[in-house]
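Peer 1: with the sequence up front, the predicted model follows.
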Amino acid sequence: MIVSPCISICKTDPKTGYCYGCGRSNEEKKIWKQENTADEWKKNNLDILRKRLTGWQLESFNESYEYKINNGVSLFKKNLKNE
């Protein structure tokens, strides 16, 4: 199973149409949620997202996504629990 790239920072940039947190479009988010979406599509989409994001945004995504894969929760949600 491939973990969703959502890192719990769900806000869409009005200019690009991409989420500030994960870099996905609303259409890509819908496809991720469909039961019949192939792992191959998800892997390709993750590659696209990493090319779409740059600088600190890419670094933040990579750190939080890796944490989510290893711990089952994004860094954002982890930090909310610790407040």
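Peer 2: Done, it's in.

Peer 1: helices or strands up against the helix or strand hosting residue 70?
Peer 2: Here residue 70 sits within helix 55-71, counting by DSSP states H and E. If you count contacts as 3 or more Cβ pairs under 8 Å, 6 or more residues apart in numbering; DSSP states H and E, helix 55-71 packs onto helix 39-52, helix 75-82. (Glycine included, C-beta is placed from N, CA and C.)

Peer 1: least reliable of those helices going by mean pLDDT?
Peer 2: The stretch with the lowest mean pLDDT among the helices and strands packed on helix 55-71 is helix 75-82, at a mean of 71.

Peer 1: correct me if wrong: residue 53 contacts residue 24.
Peer 2: No. Using Cβ atoms under 8 Å, residue 53 is not in contact with residue 24; the gap is 10.2 Å.

Peer 1: neighbour-wise, which of these two wins?
Peer 2: Legend: neighbour count by other Cβ atoms under 10 Å for residue 53 and residue 24, higher for residue 24 (24 against 20).

Peer 1: just say helix, strand or coil for that one.
Peer 2: For residue 24, the assignment made with DSSP: H, G, I helix; E, B strand; the rest coil gives coil.

Peer 1: quick check: it touching residue 32?
Peer 2: Yes. Residue 24 is within contact range of residue 32, at 7.3 Å (criterion: Cβ under 8 Å).

Peer 1: between these two, which contacts overlap?
Peer 2: 5, 45 (Cβ atoms under 8 Å, 6 or more residues apart in numbering).

Peer 1: in stretch 4-23, what's buried?
Peer 2: 5-9, 18-23 (16 or more other Cβ atoms under 10 Å).

Peer 1: now those residues as CSV including distance to residue 37?
Peer 2: Below are those laid out as CSV (distance: Cβ to Cβ, whole Å):
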residue, distance to residue 37
5, 13
6, 14
7, 19
8, 20
9, 22
18, 19
19, 17
20, 23
21, 20
22, 15
23, 17
